[in-house]
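K.L.:
Show me how the following folds:
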Amino acid sequence: MCDPLSLATAGTIGKVATGLQIAGAVSGAYGAYQTSTADKAAYNYQAQVQRNNAQIANWQAKSAIEQGQVEEANQRLKTAQIKGAQRARMAANGVDIRQGSALNTLLDTEYMGDVDAATIHDNAANEAWALRNQATNYSANAGLLQARASMESPLGSGASTLLTGAGAVASSWYKRRTATVPGDSAGNKQLTFYAPNDI
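P.N.:
Next up, the predicted model:
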């Protein structure tokens with residue numbers, strides 16, 4: 001049979017082991033809480049960055065339209081200047097600009113100017129469309145990241161880890177409370193012993 005000193009030492013070691021397991025469970029729970037808190041903050045930050053990017057893309061789309069309008073107006077002015085110069089040259093040479101090849105030249109210049117202005121307009125509209133689509137994608141990503149942040153539960157993560165650790169502590173405690181004592185004259189049968197003040 002085991003001597004009382006061995007039982008007391010085993011009880012002390014059991015208490016220390018249980019205490020360390022409890023400390024580990026609490027530390028793990030705190031770590032899970034901190035990790036979940038950091039993840040939540042990171043998702044919120046990334047969502048805000050995506051919202052900012054969406055706003056910037058919308059501003060860029062508006063700017064592309066405004067710049068396109070300015071360039072289109074400039075192209076129309078340039079075309080009008082070319083037509084004016086052509087008229088002046090033709091009139092200075094005594095050419096009738098109301099008919100024939102002179103009229104065709106002026107009409108061609110006007111047509112090509114309209115084509116160039118329409119191309120500028122369409123390019124600006126296409127650029128704005130692409131930027132608005134990009135803004136929509138940024139907004140969708142922001143929504144996904146915000147949803148992911150909402151699913152983070154620091155308290156839940158900490159509590160879950162603490163409960164898992166508590167289960168392990170309880171299991172170890174129970175195993176120490178019901179232990180087989182080696183060298184028992186009864187053939188190593190399981191003996192249940194309770195040390196005073198054992199956890």
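K.L.:
drop to CA atoms for contacts and neighbour counts, all remaining ones
P.N.:
Will do.
K.L.:
Quick one: low-confidence residue ranges for the protein.
P.N.:
1-11, 13-14, 177, 179-199 (pLDDT under 70).
K.L.:
longest single helix anywhere in it?
P.N.:
Ranked by residue count under DSSP state H, the longest helix found in the chain is helix 4-92.
K.L.:
Could you measure from the residue of the chain most remote from its centre over to residue 87?
P.N.:
Relative to the centre of the chain, the most outlying C-alpha is that of residue 94, 71.2 Å out, by C-alpha atoms, centre = their mean. Per C-alpha to C-alpha, to the nearest Å, residue 94 is found 10 Å from residue 87.
K.L.:
and if you look at residue 79?
P.N.:
12 Å.
K.L.:
Same check on residue 120?
P.N.:
For residue 120 relative to residue 87 (C-alpha to C-alpha), the value is 26 Å.
K.L.:
what's the answer for residue 16, then?
P.N.:
In terms of C-alpha to C-alpha, residue 16 sits 104 Å off from residue 87.
K.L.:
If you count surrounding residues, which of those two has more?
P.N.:
Neighbours around residue 16 and residue 87, counted as other C-alpha atoms under 10 Å, are more numerous at residue 87. The numbers are 19 against 13.
K.L.:
could you list every residue that touches the more buried one?
P.N.:
Neighbouring residues of residue 87 by C-alpha atoms under 8 Å, 6 or more residues apart in numbering: 97, 106.
K.L.:
let's see it at 10 Å
P.N.:
Counting by C-alpha atoms under 10 Å, 6 or more residues apart in numbering, residue 87 touches 81, 93, 95, 96, 97, 102, 103, 105, 106.
K.L.:
Of those residues, just the buried ones, PyMOL syntax please.
P.N.:
Filtering the contacts of residue 87 down to the buried ones (16 or more other C-alpha atoms under 10 Å) takes a single PyMOL command:
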select buried, resi 95+97+102+105+106
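K.L.:
Among the contacts of residue 87, name the ones in helices.
P.N.:
Members of the contacts of residue 87 lying in helices (criterion: DSSP H): 81, 102, 103, 105, 106.
K.L.:
and of those residues, the nearest to residue 168?
P.N.:
residue 81 (87.8 Å; C-alpha to C-alpha).
K.L.:
And the closest one, how far from residue 91?
P.N.:
Distance of residue 81 to residue 91, computed by C-alpha to C-alpha: 15 Å.
K.L.:
neighbours of residue 167, just the number please.
P.N.:
13.
K.L.:
go on, residue 98?
P.N.:
When neighbours are counted by other C-alpha under 10 Å, residue 98 comes out with 10.
K.L.:
Angles on the backbone of it, please.
P.N.:
phi -90, psi 0 (degrees, to the nearest 10).
K.L.:
List the residues that contact it.
P.N.:
Neighbouring residues of residue 98 by C-alpha under 10 Å, 6+ apart: 104, 106.
K.L.:
cool, and residue 125?
P.N.:
Residue 125 is in contact with 61, 62, 64, 65, 66, 68, 69, 119, 131, counting by C-alpha under 10 Å, 6+ apart.
K.L.:
that older thread, residue 41: which of the contacts of residue 87 is nearest?
P.N.:
Proximity of the contacts of residue 87 to residue 41 (C-alpha to C-alpha) peaks at residue 81, which lies at 59.2 Å.
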